[in-house]
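J.: next one to model:
(chains A and B)
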2 protein chains.
Amino acid sequence: MRKFINDPVDFVDEMLDGILLAHPGQLACAGNNVRCLIKAGQLQKGKVGLATGGGSGHLPVFLGYVGEGMLDGCSVGGVFQSPSADNMFEVTKAINSGAGVLYIYGNYGGDCMNFEMAAEMADMEDIRIEHVIVTDDVASAPKGKEYKRRGVAGLFYVYKIAGACAAEMAPLNEVKRIAEKVCANVRSMGVALSPCTIPEVGKPTFEIEEGGMEIGMGIHGEPGIRKGPLDTADEIVEEMLRPIIEDLPFKSGDEVSILVNSLGATPKEELYIMYRKAYTILKDEGITICHPYIGEYATSMEMAGASITLLRLDDELKKYLAKPAFTPFFEQKQL
Amino acid sequence: MRKFINDPVDFVDEMLDGILLAHPGQLACAGNNVRCLIKAGQLQKGKVGLATGGGSGHLPVFLGYVGEGMLDGCSVGGVFQSPSADNMFEVTKAINSGAGVLYIYGNYGGDCMNFEMAAEMADMEDIRIEHVIVTDDVASAPKGKEYKRRGVAGLFYVYKIAGACAAEMAPLNEVKRIAEKVCANVRSMGVALSPCTIPEVGKPTFEIEEGGMEIGMGIHGEPGIRKGPLDTADEIVEEMLRPIIEDLPFKSGDEVSILVNSLGATPKEELYIMYRKAYTILKDEGITICHPYIGEYATSMEMAGASITLLRLDDELKKYLAKPAFTPFFEQKQL
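T.: Residues are numbered from 1 along each chain as shown, chains lettered A, B, ... in the order given. Presented below is the predicted three-dimensional model:
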């Protein structure tokens, strides 16, 4: 391992300690539990609460987007493990101000089951809950079976846009509608060039040879759609972007936002080389980029690799995407 | 290599193409040369111009801090190579609005020589130039020989604070004074857990064995002060922070900003584990943290490793640090 850690058993809780010490004005714990993070400060009466949750090892996903204009709370699991339903419920109670809570999470078995259980607990306390499950990874199931797809970096767009909508005091059904609209218009694909190591395991749980790549690999090392020797950046972007474009499909005249995301070890230099090619492909297709995001938005610790996400915009999505946000891991002024 | 690249010869220029395509409202070229980046838009008459420059492979350093409230221009070299004096001069001409230009750069032979030559060219055109050379790396030369030290992540603080000062229309000598004040109060140390690869070389130019580390290594792989097996995160932070504290020295009652910086592959999870320990050490020393920065601020492409930087604050430095900034790679609202 090439990691700065102490006892691997303490990895998640020490990380959370550090995050709370670094951002005391922005984040707090619910129920005195570091695994239940909420936005610091007073609840805004009547605002819909937005909660997410998931395994650790993907910063800024998930907790990094708790803050002004985005999420209200996040339950935190072990590395690549779902948080418990109890912790999800703890967050739910802490962020409910009477207008109900929207759960936004990626489509993983453990998360889906636990958020369902948390919703049942909330129901017993008369807290209204709605769910939006993000399934943006086109590599994880074919068209027509979107419900089987994993949620990856597209989560960022759902958090950003639903968060901006909730900040305008929209009611629960309206925030859910806009979140689902993002899900219907967002598509991603990833590629991995190296594995990553779960601290408690101590060695990679899957392998990618030096000089190799796996197109479509998931952020926990789920198998992709093609393994092979490393192609050029331009060829890889072509291979990732074509299936994304064809899936929705994105068409000439569309306006999109694009997210070129590092899975961890891949530096920004390479992301911009990828963006350069993506820009050309989209331009040739007659697709306009409204606002690009390039950097680390959803990672797998020190995995080398990247993902590309496209979101088709309309006036409504564009308006909310442009709103300011302020979280420990993401800051944007009004675009 | 585990890199997204095309022809390695094109690495820097394709990256710059991508950056310019992604941030057209924020960045532009001087003299139609992608290696001469300047802030987009009209020059502000009478504002001191701030220029930096250096080798590629360190994003966001150097060009990523060109923008509102920070730098006005940056000349870009090949990977780990100084930009040319001609390009530095091109940037100088483009950002001079009559109040002169301050060169802020790290203490590396090629950069120092080329900025001197660029200043001579500027002198022939009656552009006033001052230099501030950043030497924050305590591992690179002993106390008393500060002039021999390398400049590393401490550059960020010089850019931020001098940029905020220049934005208030301070004259050249005043912006230089504040930049030198930052230099006098900022100290850093790094640690590397893996090498990185220059694209045109194709293999690492130095080695660190899996499970090993090198304390004090420079951002181009310059030798550090101790090699050994990987210690725990807490032990490493202790070994980095003690020499930083003793060097200035930072004392009980001091107020500081801290930057915990990833050299590339090291994920945010680990930076927060490091911050947790740094916070405890500083607290025990009676040193207060005013505002922490945690993330990728000065990197070596995909190198695994981290650096810690401390800046001692007074009211003046604190005021400028708190000012808003808006660049493609760094955004901060008023603190």
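
J.: what's near enough to touch residue A:187?
T.: Contact analysis of residue A:187 by CB atoms under 8 Å, 6 or more residues apart in numbering or on different chains lists A:136, A:138, A:154, A:244, A:247-248, A:250, A:309-310. Just so you know, the C-beta spots here come from the backbone N, C-alpha and C atoms, and that holds for glycine as well.

J.: rerun that using 10 Å as the cut-off
T.: When contacts are counted by CB atoms under 10 Å, 6 or more residues apart in numbering or on different chains, residue A:187 touches A:135-138, A:146, A:149, A:154, A:241, A:243-250, A:256, A:308-312.

J.: do residue A:295 as well
T.: A:60, A:259-262, A:268, A:271, A:330, B:59-60, B:295-296, B:328-329.

J.: just list whatever residues bridge to it.
T.: residue A:261 (DSSP bridges).

J.: out of the contacts of residue A:295, who has the most neighbours?
T.: With neighbours taken as other CB atoms under 10 Å in any protein chain shown, the top of the contacts of residue A:295 is residue A:260, carrying 31 neighbours.

J.: just to check, that one is in contact with residue A:237?
T.: Yes: between residue A:260 and residue A:237 there is a contact under CB atoms under 10 Å: 8.8 Å.

J.: of the contacts of residue A:187, grab the buried ones for ChimeraX.
T.: Listed next is the ChimeraX selection for buried residues among the contacts of residue A:187, using 16 or more other CB atoms under 10 Å in any protein chain shown:
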select /A:135,136,137,138,146,149,154,241,243,244,245,247,248,250,256,308,309,310,311,312
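
J.: out of the contacts of residue A:187, which are inside helices?
T.: Here DSSP state H is the test, and those give A:241, A:243-247 as lying in helices.

J.: got CSV for the residues you listed, with pLDDT and distance to residue B:82 too?
T.: Output for the ones in helices among the contacts of residue A:187, formatted as CSV (pLDDT from 0 to 100; distance: CB to CB, whole Å):
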residue, pLDDT, distance to residue B:82
A:241, 98, 36
A:243, 98, 42
A:244, 98, 40
A:245, 98, 41
A:246, 98, 45
A:247, 98, 46
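
J.: ok, these vs chain B, which is closest?
T.: Lowest distance from chain B to those (CB to the nearest CB) belongs to residue A:241, with 13.3 Å.

J.: from what I can see the closest one touches residue A:233, true?
T.: No: applying CB under 10 Å as the test, residue A:241 and residue A:233 come out as separate, 12.0 Å apart.

J.: who touches both of these two?
T.: With CB under 10 Å, 6+ apart, residue A:241 and residue A:233 have common neighbours A:274, A:277.

J.: next one: phi and psi at residue A:326?
T.: In terms of degrees, to the nearest 10, the main-chain angles of residue A:326 are phi -150, psi 100.

J.: which residue packs closest to it, ignoring adjacent ones?
T.: residue A:68 (4.2 Å; CB to CB, 6 or more residues apart in numbering or on different chains).

J.: gap between the residue of the stretch 1-150 of chain A found nearest chain B and residue B:294?
T.: Taking CB to the nearest CB, chain B has its nearest neighbour within the stretch 1-150 of chain A at residue A:18, 3.2 Å off. Distance, residue A:18 to residue B:294, by CB to CB, to the nearest Å: 8 Å.

J.: quick one, which of these two is more surrounded?
T.: Neighbours per residue (other CB under 10 Å) separate residue A:18 from residue B:294, with residue A:18 holding more: 26 against 22.

J.: quick check: mean pLDDT across the helix or strand harbouring the more buried one?
T.: For residue A:18, the element it lies in under DSSP states H and E is helix A:11-22. In this model, helix A:11-22 has a mean pLDDT of 98.

J.: where does pLDDT dip in the stretch 101-250 of chain A?
T.: Applying pLDDT under 70 to the stretch 101-250 of chain A flags no residue at all.

J.: show me what from it comes close to chain B.
T.: Within reach of chain B by CB under 10 Å from any CB of the partner chain, the stretch 101-250 of chain A has these residues: A:191-194, A:196, A:199, A:208-213, A:230-237.

J.: now a ChimeraX select for only the buried ones of these.
T.: To isolate the buried members of these in ChimeraX, using 16+ other CB under 10 Å:
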select /A:191,192,193,194,196,199,208,213,230,231,233,234,236,237
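
J.: keep only those of the residues of the stretch 101-250 of chain A next to chain B that are in helices.
T.: Going by DSSP H, the helices hold A:233-237 from those.

J.: which residues do residue A:260 and residue A:237 both contact?
T.: A:273-279, A:306, A:308, B:4.

J.: among those, which ones are in strands?
T.: A:306, A:308 (DSSP state E).

J.: run through the strands of chain A in chain order.
T.: A:27-30, A:33-39, A:49-56, A:73-79, A:101-106, A:129-134, A:186-192, A:212-215, A:226-229, A:255-262, A:288-295, A:305-313, A:325-326, A:331-332.

J.: reformat those as a markdown table; add distance to residue B:108.
T.: Putting the strands of chain A into a markdown table (distance: least, CB to CB, whole Å) gives the following:
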| stretch | distance to residue B:108 |
| --- | --- |
| strand A:27-30 | 39 |
| strand A:33-39 | 41 |
| strand A:49-56 | 38 |
| strand A:73-79 | 39 |
| strand A:101-106 | 44 |
| strand A:129-134 | 45 |
| strand A:186-192 | 34 |
| strand A:212-215 | 34 |
| strand A:226-229 | 36 |
| strand A:255-262 | 27 |
| strand A:288-295 | 26 |
| strand A:305-313 | 30 |
| strand A:325-326 | 36 |
| strand A:331-332 | 31 |
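
J.: residue B:35 is nearest to which of these?
T.: Judged by CB to CB, the one of the strands of chain A that comes nearest to residue B:35 is strand A:288-295, at 19.9 Å.

J.: chain center to the closest one, what's the gap?
T.: Its chain's C-alpha centre and that of strand A:288-295 lie 16 Å apart, by CA atoms, centre = their mean, to the nearest Å.

J.: relative to strand A:255-262, how tilted is it?
T.: Calculated by axes from the mean of the first three to the mean of the last three CA atoms, to 10 degrees, strand A:288-295 forms an angle of 20 degrees with strand A:255-262.

J.: I figured residue A:238 hits residue A:285, correct?
T.: No: Residue A:238 is beyond contact range of residue A:285, at 11.9 Å (criterion: CB under 10 Å).

J.: phi, psi for the closest residue to residue A:285 other than its chain neighbours please.
T.: Counting by CB to CB, 6+ apart, residue A:285 lies nearest to residue A:252, which is 6.1 Å off, once chain neighbours are set aside. Torsion angles at residue A:252 (phi, psi; degrees, to the nearest 10) stand at phi -50, psi 130.
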